[in-house]
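Enquirer: output the structure for:
(chains A and B)
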Number of protein chains: 2
Amino acid sequence: MTDSNGASPSRRSLLGWGGAGLALGAAAAGGAVAIARTDDDAATPAAGTAIPFHGPHQAGIATPVQDRLHFAAFDVTTEDRAAFAGLLRDWTEAARRMTAGRTVGEGAYGGLAEAPPDDTGEALGLQPSRLTLTIGFGPSLFTRFDLADRRPEALVDLPKFAGDNLDKARSGGDLCIQACADDPQVAVHAIRNLARIGFGKVVIRWSQLGFGKTSSTTPEGQTPRNLFGFKDGTRNIAGTETDRLKKFVWVGEKDGPAWMAGGSYLVARRIRMHIETWDRTSLQEQEDIFGRDKGEGAPVGRAKERDEPFLKAMKPDAHVRLAHPDANRGATILRRGYSFTDGTDGLGRLDAGLFFLAYQRDVREGFIPIQRNLAADALNEYIQHVGSALFAVPPGVRDQDDWWGRTLFSEEA
Amino acid sequence: MTDSNGASPSRRSLLGWGGAGLALGAAAAGGAVAIARTDDDAATPAAGTAIPFHGPHQAGIATPVQDRLHFAAFDVTTEDRAAFAGLLRDWTEAARRMTAGRTVGEGAYGGLAEAPPDDTGEALGLQPSRLTLTIGFGPSLFTRFDLADRRPEALVDLPKFAGDNLDKARSGGDLCIQACADDPQVAVHAIRNLARIGFGKVVIRWSQLGFGKTSSTTPEGQTPRNLFGFKDGTRNIAGTETDRLKKFVWVGEKDGPAWMAGGSYLVARRIRMHIETWDRTSLQEQEDIFGRDKGEGAPVGRAKERDEPFLKAMKPDAHVRLAHPDANRGATILRRGYSFTDGTDGLGRLDAGLFFLAYQRDVREGFIPIQRNLAADALNEYIQHVGSALFAVPPGVRDQDDWWGRTLFSEEA
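Expert: All right, here's what the predicted structure looks like:
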């Protein structure tokens, strides 16, 4: 797995890689290509290529935001600590392979005919599609496996915020996996295969598909529009901004606990957007509410999207004004949210909105104060938070021998 | 709208097109580009380009299958025939613009500040993305507006099939719109804006997002894999096969009624796939059930996916054997289905499957006999049909003055 260069391997050509692939073993060995490793996960690779899995931080945080999301929260069903740690090792190996565009294990048709295939097969022939898989541990995990004294102080129970209308079935979870990729089939395949490997040890509690990114972590990138038609989060932290990442996203050595150094904290919120109501609101009111013009995305009174906002020119309850770091004693988060549409509710309205994902060094200095400040947000008339979860995202998997959560489960860490 | 050449207009640059766009009217007029019209809708254009809206048949049927789907079924809430026909005209104009990569009306920020914008805005800056919008009329529409005697004989009430477990809330509908595009945000934007235009006259009954196409209508195209990891429907009708389209897909002049000439019939079935059970099935059994090998997709005993199947070499209950035209007196359908994943059910299983879409000249000689024959399908242990609808899809919109459903609603047709 210390392969060199070669972009865009297809899953197909790699079939049987590293295993005793029967049908295509020889072809796969001949056609095998792999991925250049680099520590620079902020450069934007082509859509079909692979994102390095190993590194000091997990990929999928500072990585340039991919087009699609499949996010799953799991509950643990085993009481066997060793079995759970074994699952984390198995998951790591599968994640390492899938993010490189490879099949799980011996593939979808490389094993014994009498056994179920190791890989479910629907991603065969597809590109790696910049797949990233990012794991996080929820507060409830620390009630298990004698982990109570390892729970980070920063992994708080989120307070109730004004306007929250949370559905327990769409909230919480002992752990989560965020799958991002440019091809949704690749992201869905990854979550499905991880869930399958976890059979008998974990069960999916809830999951969420996101079809359109709403944030960019590349400074030159166009800020995508949310389902209200607006650009938001313009001054997001870019994957290249090492200083801001260190200050606002990565848990430092001294932040504690030691096992979290290099990790981050992830807030996931399912935000229903009442788009039918919004769509009956005047352009002026929409722009007042956001504090931006709709076309360019420029802050009120400015010409360009990236011009520095003049907060006092905005209405007191404008979204940009209330969310801006200057209104929150500098609080800054890295946003990676996605738009979702999950069919229709019973009233013929689209069940649509924003699946908000934000990474930060400490949620008590990130999402919590910002969200409290947003209690006055004029936007609240048009949105409702209906799902919520917080996860401690451990540091990256360093190398071939490392695994997700090792620093939490190994005594030496 | 008789524009010439110029590929990949962005919605942004076209803002205000044809209207009195205030903010960007001048820029839009200067930067306006549009789409080459052609009758050859079977050639595969680049992903960002526009598919011609006008033609003898609606686009989105023989058109090369796009990557993503948003499908909506509507119920009519008005009793005013003229108002409904007016909606069909308004929809046609909006569809004409959106498929060309343009905004609805005066756009998202081109109208009066005191009024809601005509366009909801979330597709600004995105490519046309090969968007197609295809309308169909359900049997229940013909109980309204004095249309009873215009209901086609072929627009039957679908019989109950073995194994059906239909959810009424995901079935039927007075009409439907199929939005296909390479960018899901473009497809979602289109359905949302059409629903918005229909406010007070129609309401969404159910809708479905599809994230991965499972069929190809380009003969050279790779057959995509379904969520069981298999290629299926290899010998689908290609958009270039004029003879087969005429024989199996397009309603002929003499088929009746006259208003349907050039149209087609669409069957939509939501098929839940029990992927967790499937994933515990041996490779041999999976291949026996489909009648293909999983890797190449070749029929049993053959070497290549497109080799002619030898049906008698397959198990009697193999899917390919039972679905093949030779087993159904030649019955042939054009398939355009999509994979879906709609979160998780209450048991921690992915709510995933196939949203099956099939077009045919007459459902009594297409889907119905095939589906009856599939009662013996070994695959039935792993799937369940949970939603169903049938629509009469009228012919194409001929030109700028024509509109969806004119042949049904105009007396001269």
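Enquirer: residue of the stretch 201-350 of chain A closest to chain B, please.
Expert: A:Gly229 (2.3 Å; Cβ to the nearest Cβ). All C-beta spots, glycine's among them, are computed from the backbone N, C-alpha and C.
Enquirer: which pLDDT value goes with that residue?
Expert: Looking at A:Gly229, its pLDDT reads 95.
Enquirer: separation between it and B:Val76?
Expert: According to Cβ to Cβ, to the nearest Å, A:Gly229 stands 28 Å off from B:Val76.
Enquirer: what of A:Gln400?
Expert: 61 Å.
Enquirer: those two: who's more crowded?
Expert: Remark: of A:Gln400 and B:Val76, B:Val76 carries more neighbours, 23 against 13, as counted by other Cβ atoms under 10 Å in any protein chain shown.
Enquirer: just give the nearest non-adjacent residue to the most centrally placed residue in chain A, would you?
Expert: For chain A, the residue nearest the mean C-alpha position is A:Gln178 (4.3 Å; Cα atoms, centre = their mean). Leaving aside its chain neighbours, A:Gln178 sits nearest to A:Thr134 (4.4 Å; criterion: Cβ to Cβ, 6 or more residues apart in numbering or on different chains).
Enquirer: any idea which helix or strand comes after the helix or strand hosting that neighbour?
Expert: Taking DSSP states H and E as the criterion, the element that holds A:Thr134 is strand A:132-137. Reading on from strand A:132-137 to the C-terminus, the next helix or strand found by DSSP H and E is strand A:175-181.
Enquirer: quick one: the helix or strand that that next one is followed by near chain B?
Expert: Downstream of strand A:175-181, the first helix or strand assigned by DSSP H and E is helix A:184-197. Yes - against chain B, helix A:184-197 shows contacts by Cβ under 8 Å from any Cβ of the partner chain at A:184-185, A:188, A:191-192, A:195-196.
Enquirer: and if you look at stretch A:322-338?
Expert: No - Stretch A:322-338 stays out of contact with chain B when judged by Cβ under 8 Å from any Cβ, the minimum separation being 10.4 Å.
Enquirer: distance between the ends of that stretch?
Expert: Start-to-end span of stretch A:322-338 (Cα to Cα, to the nearest Å) is 21 Å.
Enquirer: rounded mean pLDDT for it, please.
Expert: For stretch A:322-338, the mean per-residue pLDDT is 95.
Enquirer: quick check: buried residues in it?
Expert: Residues A:322-324, A:327-328, A:331-338 are the ones in stretch A:322-338 that count as buried (16 or more other Cβ atoms under 10 Å in any protein chain shown).
Enquirer: could you do stretch A:257-270 as well?
Expert: By 16+ other Cβ under 10 Å, the buried positions in stretch A:257-270 come out as A:257, A:259-270.
Enquirer: farthest pair in those residues?
Expert: For the buried residues of stretch A:257-270, with distances taken as Cβ to Cβ, the pair at the greatest spread is A:Ala261 and A:Arg270 (29.9 Å).
Enquirer: could you pull out the helices for the stretch 301-413 of chain A?
Expert: Under the criterion DSSP state H, counting those that start in this stretch, helices of the stretch 301-413 of chain A are mapped to A:319-323, A:367-373, A:406-409.
Enquirer: the buried residues of stretch A:322-338 in strands, which ones?
Expert: In strands, judged by DSSP state E, the following of the buried residues of stretch A:322-338 are found: A:334-335, A:338.
Enquirer: low-confidence regions, chain A specifically.
Expert: A:1-47, A:411-413 (pLDDT under 70).
Enquirer: can you give me the strands in it?
Expert: Using DSSP E, strands in chain A cover A:68-76, A:132-137, A:175-181, A:202-210, A:212-213, A:264-273, A:334-335, A:338-344, A:350-360, A:383-393.
Enquirer: send the alpha carbons of stretch A:203-216 over as PDB?
Expert: Taking C-alpha atoms only, stretch A:203-216 is exported to PDB below (Å, rounded to 0.1, in the frame of the first residue of the first chain):
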ATOM      1  CA  VAL A 203     -26.300  -0.700  13.700                       C
ATOM      2  CA  ILE A 204     -27.100   2.400  11.700                       C
ATOM      3  CA  ARG A 205     -29.100   4.800  13.900                       C
ATOM      4  CA  TRP A 206     -29.800   7.400  11.200                       C
ATOM      5  CA  SER A 207     -28.300   8.400   7.900                       C
ATOM      6  CA  GLN A 208     -28.400  11.300   5.600                       C
ATOM      7  CA  LEU A 209     -27.700  11.800   1.900                       C
ATOM      8  CA  GLY A 210     -26.600  15.200   0.700                       C
ATOM      9  CA  PHE A 211     -26.800  16.100  -2.900                       C
ATOM     10  CA  GLY A 212     -25.200  19.500  -3.200                       C
ATOM     11  CA  LYS A 213     -22.400  21.000  -1.200                       C
ATOM     12  CA  THR A 214     -23.100  24.400   0.400                       C
ATOM     13  CA  SER A 215     -19.600  25.300   1.300                       C
ATOM     14  CA  SER A 216     -16.200  25.500  -0.300                       C
END
